[in-house]
Structure formats: C-alpha cells, structure tokens
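**Q** sequence first, then the predicted structure:
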2 protein chains.
Amino acid sequence: MSRTSQRPALAVDLGGTKIIAAVVLPDGKIVSRHYCLTLAEKGPTAVINRLLSALSRATAQAKLKTSELAGVGIAVAGILRAEEGIVTTSPNLPRWRDVPLGDALSRELGIAVYVINDASAAALGEHRFGAGKGVSNLIYLTVSTGIGGGIIADGKLYSGADGCAGELGHMTIETHGPQCNCGNFGCLEVLASGTAIAKEAIRRLTQGERSSMVELVEGRLETITAETVALAARRGDPVAGEVVARAANYLGIGLANLVNIFNPELIVVGGGVSKMGNMLLGPARRVVRERTFRLPARTARIVRARLGSNAEMMGAAVYAYQRQLGQNKET
Amino acid sequence: MSRTSQRPALAVDLGGTKIIAAVVLPDGKIVSRHYCLTLAEKGPTAVINRLLSALSRATAQAKLKTSELAGVGIAVAGILRAEEGIVTTSPNLPRWRDVPLGDALSRELGIAVYVINDASAAALGEHRFGAGKGVSNLIYLTVSTGIGGGIIADGKLYSGADGCAGELGHMTIETHGPQCNCGNFGCLEVLASGTAIAKEAIRRLTQGERSSMVELVEGRLETITAETVALAARRGDPVAGEVVARAANYLGIGLANLVNIFNPELIVVGGGVSKMGNMLLGPARRVVRERTFRLPARTARIVRARLGSNAEMMGAAVYAYQRQLGQNKET
C-alpha cells in the first residue's frame, strides 16, 4: 500500500437539492462534514462554485490542507463518462450537458478528482461499509424519486464501457407501459419509483375513489407523495394498500430480473421508498421467488440499505481511494 | 505461464441432440473433433457413458493420452453450480437433477473437469476467438429454441454467486405476458425465441389468416419452425413478416435492457434464429436506439456471432484453460 492511500479523501454527494461534502478516512470514519443547498436552477458554473466552497469548508473543518488529501470523489446522479469525469446529463441538475466536472474541479484544487454515478457510489459505500460487507456479488437498487442501480461483480464496481452501467431503473418490464422520463416505455422506474407510487394514488383518487389520503393532504391531491401513501397504507387504507402492493409487484419483477441476470449473493435496496420496509419488500421477495430459478432465488438475500443518506458520499470516498490506488499501481 | 497451460484441452458441447467433443489448442486450433448423438432420453448415466466414449475417441484421434491434456471443459445448457461441476437442471437433458457431472467424469478420466453453462461458454468462445476479440465488456445472447446469455465484464466471464448468472432470456419484459417454460411470465424467451416465433405463426394461421407458410409445410401447421417463418418472410409473405417484426421488437427491448444495465461495447447475437440476420437485427437495433440512453446506445455495437456451432465447444476449452491456470496460481 502506498502512503497516499492512507490519507483522508474528500467525498461529495452532489444532489439536486443539497451538496454534502465530507472528509473521510480509509476506514470509513467521517472526520468532518459540511452541507449546503445546491441551488441547481442557477446552472453548472454557479453549482461548481458552491461545490468548491463546500469542499474548502469541509477541508478546513478537518484542519487539513488540500495537498494532504488522497483525492476527491464526487457522486452525481445522471449519465456520466466516469473515466473522463464528464457529466453528460443529470435528472437533478438542469442544463448540465457534457460538463467536464472532474477537470473543472481538479484545475481549481490541484488534486485528482473522480466523478461517479450516485447509485454506483452508494453500491460501493454499502459494499465496503454497509449492508454488503464481505459480499462478492452485490446489486444495489435505490428506489426514491427515480430508480438507480449499482453493480458489484466479483468484488469490484462494474461500470461498463463508458462508466454508465447500472441503469437498472430503466429496464423495460412492461413493453406497453407508460412512458418514462428517460423516453423509454414501461421502465421499472415509471412503475415502482416514489413518483410512480404518488402518481398512481393521485390517479385513483382523481377518479373518485375514497381514501383517507384525501384528508391526510387536506384535499390537495397534487401534494400526495409516496410517504403519504405509505402512511395511509400502514393505517389500513385499502386504496393506499393496493397502490403499495402494485409497486411492490413491479419492484419484485425488477428484482427477479436482476436475480436471473446476476445470480447475486445480495440485493441491497436503498432510497427513500425503501423505508416502507417489509410492507414493500415482503411482497417483492415473494414475487422474486415465484419468478426466478430456484438456485439463484435461494442464494439472493434482499435487504435494506444501512448507510442511509451517507451511502453516496461514503461510496464516493471509496471510489476516490480505489482510483487513486489504481493510478499509483500504474505509475 | 505454467507448462500445463500449453497442453491441449478436451472440449465438449453436450447438447440435447448431439455431443461434440474436440481437442483444442490454447490458440483455438482444433486438433480433432468427434461427434455422436446424445440420446438424452436414456437418462444421465447413459449420457455420461456416451460422453466418455466421445471424449476418448477425440483424444485417440488426436494421438494423445488423457494424461497429456490440460483438462476437460464441458458446456451444458441449464442451471449449473459451475464451481462444483453440478448440473442442477437442464432444459435439454430430461431427468438431470443435481447431477455431479464434473466429479463423475474426473473420477473416470483422472484429470480435472470443468462444467460451464453453454451460453456462458459461447460468450467466452466469441470473446477469445470470434466476434468479440479484444473487447472488455461483452454480452452474448443466443437466440434459438430458447434464449440464453453470457456476460463478459471487464474482460472476464461473470458467473455470479453460484455460477448460474446470465439467464438473460428469463428477464420479464412483459409483466402480464405468456408463461415461459421456466415458470415466469413474459420472459424475453417466451416472446422472441425460435419457439415463440413458430408458435405465433401457428396461432395466426390456426385463426385462419392466409399465408404462403401453409403451402411451405404442406398444410401441417404444427411442423412450422422459425426457419419456415424466416423463409416466408424473406419471400415477402406479410403474415410471416409481421411475426418476425414482432419478435424483433421484443428482442430489441431485451437488448435495450442489456444496454442500459451493462453499457457494453458489444452485444454478440448467436443461435439459429440469428441467421435471419438484418431482417431481425435491423429492427431490433432501431428499438435499442429508441429505448436506451444516448451514451450507451452510441457505444454498443450489436453484431452476429462468428463461431457458429463451434462457439460453445471453443468456449468450453477457454474455460478449462482459465480454470486450470487459476488452480496453478493457487497452488
């Protein structure tokens, strides 16, 4: 092991709403943590400036200089050319088109910057420090506003030819299903994400079905979220229960596909919607058993993520360490 | 490199109809080749005996003794525990349930025997010697009676926790689709395989639609195969054309899922149905472009396999070499 790999890394989760920056040690210890709003609507340059300021604050809080860091890892939602540090498009960051985020930051900071898809980062984070410790073949699925994924194959992140593998939310499971934000039809995301759950509840209530959800949102149906549906379902509301069951069925089909494709030891489900717990994962696990081959079905455990909202940031740190190590090996 | 790895390997494709056994050099040169019928209906023990006799004939033809071989690689359709050499079930081999094929053969032969899924083997074969030479991230899809797959990730075969990853034909792409042989519903296999193509043509003709296919099979609709449909479609038969278009659309959706999931450089399509060529792959490629993210869609080339019916056997040889090398490293 080189000396560089013992140094702390700067890790960032660049989200649509907020930026979390932290100094993280190789063993996962968080030395300092700073967060601020992204203000994504102000566009790429403004966001990059806020990012730089968050980074310098986290570094200062840890009483470190930039030169003492092993590198910077940044988790971003979207389609990235990971090797080149380019954000080609992002669902959370309007007007980001082929932004060379890695280069822009490393020029300012004078150290190596590594950019990684947020769900891939969360997969790395859960694999190293969370629910997937010690597992060789792991699939991470984040179910929140959208659905993203990360693939750990034979102990390593699999990122594909351009670095954008793992768009597990955009596999079609219903050929003639509704159109997804990505342009495709019947994607897992458009059928089982938090957005899909809220939309389906609103659709049913707009058609006049009776449900306690109407009171929960004081009649303003458009404010219904997946949390509203989860709360009502937990209290026994039949419509809410059916909406959750529908999403769980689709989620189960998506998970079943992943079991047949990857024969993983573990599928880790994270993201806000996963907080529904067994109300969602119980039926989904049953669907997996019904729809997959017996051997991989017996092997694949399906569990909730452990690192919560730190997963992306922790994974970005892991990624920075791994890339840094790879570079040291090459030179 | 150890001396062992320079020796020839015995490679076998154990199919439902025939057994192909060959002696293969590390550079892919086939020294001898022997084939015989499987007579699968006679059950596991009889098949294993025929296999042993095919192996000894191929070895004798090459003027070699078993002890001069690096090992034996056997490609078999089905769900395997690859590491343990166990065939848990096979669609082509009736009454094979948890058969310890690897152990049974290595006891008789006195050398190492490695068992691999046939589509995984074909992926290895095409990767090393065929359409995928020099490619790091490759997906192999075989479209014939059924649909199977193999995954090359970062230059290596990905086989999952039990060794049964890559069941790409059994991802659901139509939630409420027809039931597949595997028990699942709306699998790619039940919508786009050769069997599915023949079935759909028969269904339409049975309903009274007029088509030149009826004459092609002299009225015996039950004898229609995917080849019949392909032939009629090529001659301009509209019903046959629609049946092929339907399968191509489903195939395209399956390929689109693979592009979004794996971001591969290359997808190699093999198997009998792939002989339809651009009549099938042209529309499928269009579907891929429409349904995937631009970055991975631009990268992924979709091409026909090159090794034909040798792919599985050649891949079994590659697998034997790789496992043998791995063993030598460990000891």
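**A** Nice, I can see it.
**Q** let me see the confidence value for the residue lying closest to A:Thr206 once chain neighbours are set aside.
**A** Leaving aside its chain neighbours, A:Thr206 sits nearest to A:Leu221 (6.3 Å; criterion: CB to CB, 6 or more residues apart in numbering or on different chains). All C-beta atoms are positioned from the backbone trio N, CA, C, and that covers glycine. On the pLDDT scale, A:Leu221 is placed at 97.
**Q** got it, and A:Arg246?
**A** A:Arg246 carries a pLDDT value of 98.
**Q** so what's it up against?
**A** By CB atoms under 8 Å, 6 or more residues apart in numbering or on different chains, the contact set of A:Arg246 is A:Glu200.
**Q** am I right that A:Ala317 sits in a helix?
**A** Yes. Residue state for A:Ala317 (DSSP: H, G, I helix; E, B strand; the rest coil) corresponds to a helix.
**Q** burial measure for it, as a count.
**A** When neighbours are defined as other CB atoms under 10 Å in any protein chain shown, A:Ala317 has 32 of them.
**Q** kindly report the same for the one 3 residues further on.
**A** Using other CB under 10 Å, A:Ala320 has 27 neighbouring residues.
**Q** ok, A:Gly166 to A:Ile116 distance?
**A** A:Gly166 sits at a distance of 11 Å from A:Ile116 (criterion: CB to CB, to the nearest Å).
**Q** quick one: A:Gly148 and A:Ala119 touch, right?
**A** Yes. A:Gly148 is within contact range of A:Ala119, at 3.2 Å (criterion: CB atoms under 8 Å).
**Q** is stretch A:289-302 positioned near chain B?
**A** Yes. Using CB under 8 Å from any CB of the partner chain, stretch A:289-302 reaches chain B at A:290-296, A:299-300.
**Q** and the stretch 51-200 of chain A, which residues reach chain B?
**A** A:79, A:81, A:88-89, A:136-137, A:149, A:151, A:153-154, A:156, A:158-168, A:170-177, A:182-185.
**Q** go again with 7 Å.
**A** A:79, A:88, A:137, A:153-154, A:158, A:160-162, A:164-165, A:167-168, A:170-175, A:182, A:184 (CB under 7 Å from any CB of the partner chain).
**Q** now, which of those residues lie within strands?
**A** In strands, defined here by DSSP state E, the members of those are A:79, A:88, A:153.
**Q** identify the residues contacting the first one.
**A** When contacts are counted by CB atoms under 7 Å, 6 or more residues apart in numbering or on different chains, A:Ile79 is found next to A:88-89, A:164, B:293, B:295.
**Q** one more: the second one?
**A** With contact taken as CB under 7 Å, 6+ apart, A:Thr88 is in contact with A:79-81, A:98, B:295.
**Q** would you mind checking those for buried ones?
**A** A:79-81, B:295 (16 or more other CB atoms under 10 Å in any protein chain shown).
**Q** closest to A:Ala46 among these?
**A** A:Leu80 (20.0 Å; CB to CB).
**Q** wait, that closest one touches A:Gly166, no?
**A** No. Assessed by CB atoms under 7 Å, A:Leu80 is found out of contact with A:Gly166, at 10.7 Å.
**Q** give me the common contacts of these two.
**A** A:Asn117.
**Q** tell me the confidence at the residue in the stretch 201-331 of chain A that chain B sits nearest to?
**A** Nearest residue of the stretch 201-331 of chain A to chain B: A:Asn263, at 2.7 Å (CB to the nearest CB). Among the per-residue scores, A:Asn263 holds a pLDDT of 98.
**Q** and for A:Val303?
**A** 98.
**Q** for the residues of stretch A:289-302 next to chain B, which one is nearest A:Ile48?
**A** Closest approach between the residues of stretch A:289-302 next to chain B and A:Ile48, by CB to CB: A:Ala300, at 40.0 Å.
**Q** now do the helices in chain A.
**A** Here chain A has its helices, by DSSP state H, at A:44-61, A:101-109, A:118-129, A:188-192, A:194-206, A:213-216, A:226-234, A:238-262, A:278-291, A:294-299, A:311-330.
**Q** distance from the chain centre to the fourth one, please.
**A** Helix A:188-192 has its average C-alpha position 15 Å from the chain's average C-alpha position, going by CA atoms, centre = their mean, to the nearest Å.
**Q** state the mean pLDDT of that helix.
**A** 98.
**Q** and for it, what's in contact with it?
**A** A:143, A:146-147, A:168-171, A:173-174, A:177-178, A:180, A:196, A:247, A:250-251, A:254.
**Q** show the buried residues in those residues.
**A** A:143, A:146-147, A:168-171, A:173-174, A:177, A:180, A:196, A:247, A:250-251, A:254.
**Q** gap between A:Asn27 and chain B?
**A** Not quite, residue A:27 is Asp, not Asn. The gap separating A:Asp27 from chain B is 26 Å, by CB to the nearest CB, to the nearest Å.
**Q** residues near that residue, how many?
**A** A:Asp27 has 7 neighbours, counted by other CB under 10 Å.
**Q** backbone dihedrals for it, please?
**A** Dihedral angles of A:Asp27 (phi, psi; degrees, to the nearest 10) stand at phi -90, psi 10.
**Q** ok, it to A:Arg128 distance?
**A** From A:Asp27 to A:Arg128 the distance is 10 Å (CB to CB).
**Q** swap in A:Ala75?
**A** A:Ala75 is 14 Å from A:Arg128, by CB to CB.
**Q** more neighbours: these two, which one.
**A** A:Ala75 (30 against 22).
**Q** for the more buried one, report the pLDDT, please.
**A** 97.
**Q** again with A:Ser5
**A** Reported pLDDT for A:Ser5: 53.
**Q** with A:Ala82 instead?
**A** At A:Ala82, pLDDT is 89.
**Q** list the contacts of the most centrally placed residue in chain A.
**A** Nearest to the mean C-alpha position of chain A, by CA atoms, centre = their mean, lies A:Ala119 at 3.2 Å. For A:Ala119, the contacting residues are A:140, A:142, A:148-150, A:166, by CB under 7 Å, 6+ apart.
**Q** list the ones among those that fall in strands.
**A** Reading strands off those with DSSP E, I get A:140, A:142, A:148-150.
**Q** pull out the buried members of the residues you listed.
**A** Judged by 16+ other CB under 10 Å, buried ones among these: A:140, A:142, A:148-150.
**Q** for those, give me a markdown table that also has distance to B:Thr66.
**A** Output for these, formatted as a markdown table (distance: CB to CB, whole Å):
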| residue | distance to B:Thr66 |
| --- | --- |
| A:Tyr140 | 46 |
| A:Thr142 | 52 |
| A:Gly148 | 51 |
| A:Gly149 | 46 |
| A:Gly150 | 45 |
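**Q** with those residues in mind, which one is nearest to A:Ile48?
**A** The closest of these, once distances to A:Ile48 are taken by CB to CB, is A:Gly148, at 22.4 Å.
**Q** list the beta-bridge partners for that closest one.
**A** Beta bridges link A:Gly148 to A:Thr142, judged by DSSP bridges.
**Q** what is the least confident helix or strand in chain A?
**A** helix A:311-330 (a mean of 87; mean pLDDT, DSSP states H and E).
**Q** buried residues in it?
**A** Residues of helix A:311-330 classed as buried by neighbour count (16+ other CB under 10 Å): A:311-325.
**Q** over to stretch A:100-111?
**A** In stretch A:100-111, counting by 16+ other CB under 10 Å, buried: A:100-102, A:104-106, A:108-109, A:111.
**Q** check contacts around A:Ile253.
**A** For A:Ile253, the contacting residues are A:173, A:287, A:291, B:172, B:175, by CB under 7 Å, 6+ apart.
**Q** out of those, grab the one that's most surrounded.
**A** Result: B:Thr172 is most packed of these (other CB under 10 Å), 31 neighbours.
**Q** I figured A:Val162 hits B:Pro264, correct?
**A** Not Val; residue A:162 is Asp. No. Applying CB under 7 Å as the test, A:Asp162 and B:Pro264 come out as separate, 10.0 Å apart.
**Q** if you count what's nearby, which of the two comes out ahead?
**A** Neighbour count, other CB under 10 Å: between A:Asp162 and B:Pro264, B:Pro264 has more, with 28 against 23.
**Q** B:Ala300 is in contact with that one, correct?
**A** Yes. B:Pro264 lies in contact with B:Ala300 (CB under 7 Å); the separation is 5.5 Å.
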